[in-house]
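Colleague: quick one, what's the 3D model for this:
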Amino acid sequence: SPATNGWYQDLIEQEQCVNTLFYKKLTITGALLLPAVFMSVAEATGNHTTLQNDAVISEHDSNQQEGDLVGEISPVTGYDWKGTNGFFIRSKDARFRLNFGAYTQARYDINWQQESAGNNDVEKEFSFNRTRIFFKGDATPMLNYHVRFNIDEDGDSDLVVGFLQFNMAKKWSLRAGKQFIAMSREDWMWAEDILTTEFSAHDSTFALGAAEGLQANFQSSQQRFWLALSNGSAAANALAASEDQADIALTGRWEYQLRGKDWSVWDDLIGRKGRSQGILLGLGAGYQSEKEQSILDRVAQLNADISINGDGYQAMLAASLTQHLPREGSSFTNYGMLAQGGYFFTEHFQVYAQYNLVSPGDQPGDVDTFQSISAGLNYFPFSWTNRLKFSAEFAHLFSIFNNTIVAPSASLGWLPSDEDKQTYLRLQAQFGF
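Modeller: As a prediction, the model looks like this:
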C-alpha cells in the first residue's frame, strides 16, 4: 500500500544516513591510523626504533630547525622523520617548504563519584578528544607560516592557530596572527608533547591559550623571552571573565637556563632518555583591560615555574596568581600550583605523577579549593616522536567539583557534581603522522 511503501522508504533513508555517518567516521579514523601502521611496519622491518640523530623537536620551534634536513641529496617530497613534522613538499632550491600532518587522541574514560541513592555513580565514555591537522613551513627563509585546525567528533572544524613568523635577525623573530601566547611553560606545549593525557586543571584555569595579536621572541644560548600584544580573546579562565569581554592584553615570559645550554631538552614535558641535564627557570606576567560590558575592569597575572631535566626524567613545579579588579566591589585574587614528574624506567616505558591545587583565594562566595592527584603509565613505541603514545592514567579529586573555580570540561576527566570526591581511569591512544 502507499502507506506501507512510505514507511519502508523512510526506514531505508534512515539506514542510509546512519551508514553514511558511520563510514565517514571510520574513514577519518582509518586515514589517521594508516600512516602510523606503515611507520610501525617500517620500524619493525628495520629492527630499530631510533634515528641516528635522536631528538624530539617542538612544533613551536621546528620551523627554525627544518632547514637542517635540506641538503643537496634531500628529496623534493618525503616524510620528515627527524622533526616529526609529517610529510613535506619543498622547492628544488629549498627556499619554499610545506609540511602537513595530523594526529588524534582516542580515549576511554570510567568515572566514579559519590551520588545520592538511586543515581548512577559510574559513567563510561569513549571519545576522540582532539583531532588536529596542520600545515606549516617556509614561504621564504625569512618568512615561516603555521596553520592548525581541530576537528571535533561531529566533524566540525575550528582554527587553533594561524600565523606568520618573520625571522628579522639571527636571534629575533616576530609572529602575527592567531597563536599561543607565552606566559606559562605547560600552555606553550602542543597536546602531544605534555606528560599526562590532558593539560592540567591548573593550566585550564590560569593559562591564556591562543589569542590574536603580535608576539616578539628573542633567544640566545642562555636565555630567551617573549613579549606579546593581543586581544586576549582565549583568556576565558585566566585574564578575562569570558572570551567576548576581553579587550587588550600585554603579556611576557622570560626563561633562563640555570644549568645546561641545550634548548631542545625543553621542547616537551616528557624528558626522554639520552638528553642532557638542565635546570630551567621561567617567569611570566600579563595585564589585561576588559570591555565595558564586562563585570571586570582589569586583570593581572603572575606565573613562575622551575623545571629539571636529565637522562630519562623531567620534573616541573609551577605556580600562578591572578588578581581580578571588578568594576564594582573589592578586588580578589586566585592562585594555583602544579607539581609533576616523569621517569623512563626503560627506553619506551615511562611512569609519571601530577598534583593540582587551584584555590579561590579571597574570592567572595562559598568556593572550595580544587585538589587532585594523578598517576599514569606511558608507552612510546618510538623514541624519535611523541606523537605515538599509549597511556593509562588514574586520578582522584578531593573536592566538590561544582564548588571550585575550575571550569567544567570533559577533557579533564572530572564531571560536574555537587557530591564530594571523584575518581577516574583513562585509557588513551595518541597516534598520527
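Colleague: hey, let's count contacts and neighbours off CA atoms from now on
Modeller: OK.
Colleague: and the pLDDT for Phe96?
Modeller: With respect to pLDDT, Phe96 has a value of 92.
Colleague: can you report phi and psi for it?
Modeller: Main-chain torsions, Phe96, degrees, to the nearest 10: phi -110, psi 140.
Colleague: burial of it, as a residue count?
Modeller: 16 (other C-alpha atoms under 10 Å).
Colleague: quick one: contacts for it?
Modeller: 90, 137-141 (C-alpha atoms under 8 Å, 6 or more residues apart in numbering).
Colleague: tell me the one of these nearest Gln113?
Modeller: Using C-alpha to C-alpha, Gly137 is the member of those that sits closest to Gln113, with 46.2 Å.
Colleague: does Phe382 touch Leu388 like I think?
Modeller: Yes - using C-alpha atoms under 8 Å, Phe382 makes contact with Leu388 at a distance of 7.4 Å.
Colleague: re earlier: Provide a PyMOL selection command restricted to the buried entries of the contacts of Phe96.
Modeller: Selection of buried members from these for PyMOL, criterion 16 or more other C-alpha atoms under 10 Å:
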select buried, resi 90+137+138+139+141
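Colleague: relative to Asp418, which of the contacts of Phe96 is nearest.
Modeller: Nearest member of those to Asp418, counting by C-alpha to C-alpha, is Gly137, at 47.7 Å.
Colleague: give me the number of residues near the spatially closest residue to Ile248 that is not a sequence neighbour?
Modeller: Excluding its sequence neighbours, the residue lying closest to Ile248 (C-alpha to C-alpha, 6 or more residues apart in numbering) is Asn231, at 4.4 Å. Residues near Asn231, counting by other C-alpha under 10 Å, number 23.
Colleague: list the contacts for Asn231?
Modeller: With C-alpha under 8 Å, 6+ apart, Asn231 has these contacts: 211-213, 246-249.
Colleague: highest neighbour count among those?
Modeller: Neighbour-wise, the contacts of Asn231 (other C-alpha under 10 Å) top out at Ala246, 28 neighbours.
Colleague: pLDDT score for that residue?
Modeller: 65.
Colleague: could you pull out the helices for the stretch 201-350 of the chain?
Modeller: When secondary structure is read from DSSP state H, counting those that start in this stretch, the stretch 201-350 of the chain shows helices at 201-206.
Colleague: now it, which segments are flagged as low pLDDT?
Modeller: 233-246, 292-293 (pLDDT under 70).
Colleague: how about 90 then?
Modeller: Applying pLDDT under 90 to the stretch 201-350 of the chain flags the ranges 208-211, 231-249, 288-299, 324-331.
Colleague: contacting residues around stretch 359-369?
Modeller: Outside stretch 359-369, the residues touching it (C-alpha under 8 Å, 6+ apart) are 332-336, 357-358, 370, 399-400, 403-405.
Colleague: now the buried members of these.
Modeller: Buried subset of the contacts of stretch 359-369 (neighbour count, 16+ other C-alpha under 10 Å): 333-336, 357-358, 370, 399-400, 403-405.
Colleague: redo those as CSV? Include distance to Ser157.
Modeller: Shown next, in CSV, are those (distance: C-alpha to C-alpha, whole Å):
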residue, distance to Ser157
Thr333, 35
Asn334, 33
Tyr335, 33
Gly336, 32
Leu357, 32
Val358, 31
Phe370, 32
Ser399, 34
Ile400, 33
Asn403, 32
Thr404, 30
Ile405, 28
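Colleague: surely Leu208 and Gln179 touch.
Modeller: No - if you go by C-alpha under 8 Å, Leu208 and Gln179 don't touch, sitting 10.7 Å apart.
Colleague: who's more crowded, those two?
Modeller: A count of neighbours by other C-alpha under 10 Å puts Leu208 above the other of Leu208 and Gln179, at 28 against 24.
Colleague: can you tell me how far that one is from Leu229?
Modeller: Per C-alpha to C-alpha, to the nearest Å, Leu208 is found 12 Å from Leu229.
Colleague: picking up where we left off before, now, which of the contacts of Phe96 lie within helices?
Modeller: If you go by DSSP state H, these have nothing in helices.
Colleague: out of the contacts of Phe96, which one sits closest to Leu317?
Modeller: Taking C-alpha to C-alpha as the measure, Leu317 lies nearest Gly137 of these, at 33.1 Å.
Colleague: and for that closest one, nearest residue in space, chain neighbours not counted?
Modeller: In this structure, Gly137 finds its nearest non-sequential neighbour in Leu98, 4.6 Å apart by C-alpha to C-alpha, 6+ apart.
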